[in-house]
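In: Sequence and predicted structure are below.
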Amino acid sequence: MLDIISLGIVPFLVIVIVVHGYLKKVDIYDAFTEGAFEGLKTAFKIIPNLIAIFIAIGIFRSSEALDMFIDLVRPITHLLRIPEEILPLIFIRPLSGSGALGLVRDIISHYGPDSLLGITASILMGSSETIFYTMALYFGSIGVKDHGHTLRAALLSYVVSIFIIMLLIRYLVCLDC
């Protein structure tokens, strides 16, 4: 049943939009081309921001900066009982969704989906956002240049979410850890 619904939902929505436009006496083709043109303008506005963030992510990942940063914070994360294998995911997730997904895949294939590390990686991946990419995309599309307060709030909420996730995992998944 779900297969039939999924096959028919897009044509159904197209028909509903066309009928609604006809009843409201809207020139659907003109509205479509106008919307496509606006979408292209938005895409051209955000391309420089996306190129900048992708280059920065590439430089960060290809350099040894991630490893050096992990070595720097390892004593703190050890005190907080954050698993060392999760640290790369914690630092890559705000930067790159695909990079974080690759790390989750590696953790799950190496430790298993039901392991403490697999569960932790899955929860981290599902409950956080690629902060820098999202900000570049949305703020770039509307032309916002000053986004310092948003960045600080987003990073603070990300750090708080990491502590909450670690507490939840410790008390709900791994009672004896």
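Out: Thanks, I have it.
In: show me the contacts for residue 147.
Out: Applying C-beta atoms under 8 Å, 6 or more residues apart in numbering, we find residue 147 in contact with 135, 139. Where you see a C-beta, it was placed from the backbone N, CA and C, and this is true even at glycine.
In: if I look at it, how far off is residue 131?
Out: To residue 131, residue 147 is 11 Å away according to C-beta to C-beta, to the nearest Å.
In: try residue 157
Out: Residue 157 sits 9 Å away from residue 131, going by C-beta to C-beta.
In: So the two - more neighbours on which side?
Out: In this view residue 157 and residue 131 are compared by other C-beta atoms under 10 Å, and residue 131 has more residues nearby, 18 against 13.
In: can you give me the mean pLDDT across stretch 39-50?
Out: The pLDDT scores in stretch 39-50 average 81.
In: I'd like to check what contacts it. Which residues are they?
Out: By C-beta under 8 Å, 6+ apart, the residues outside stretch 39-50 that reach it are 133, 136-137, 139-141, 143.
In: can you do 6 Å?
Out: Here stretch 39-50 makes contact (C-beta atoms under 6 Å, 6 or more residues apart in numbering) with 136-137, 140-141.
In: shaky segments in the chain?
Out: 57, 61, 174-177 (pLDDT under 70).
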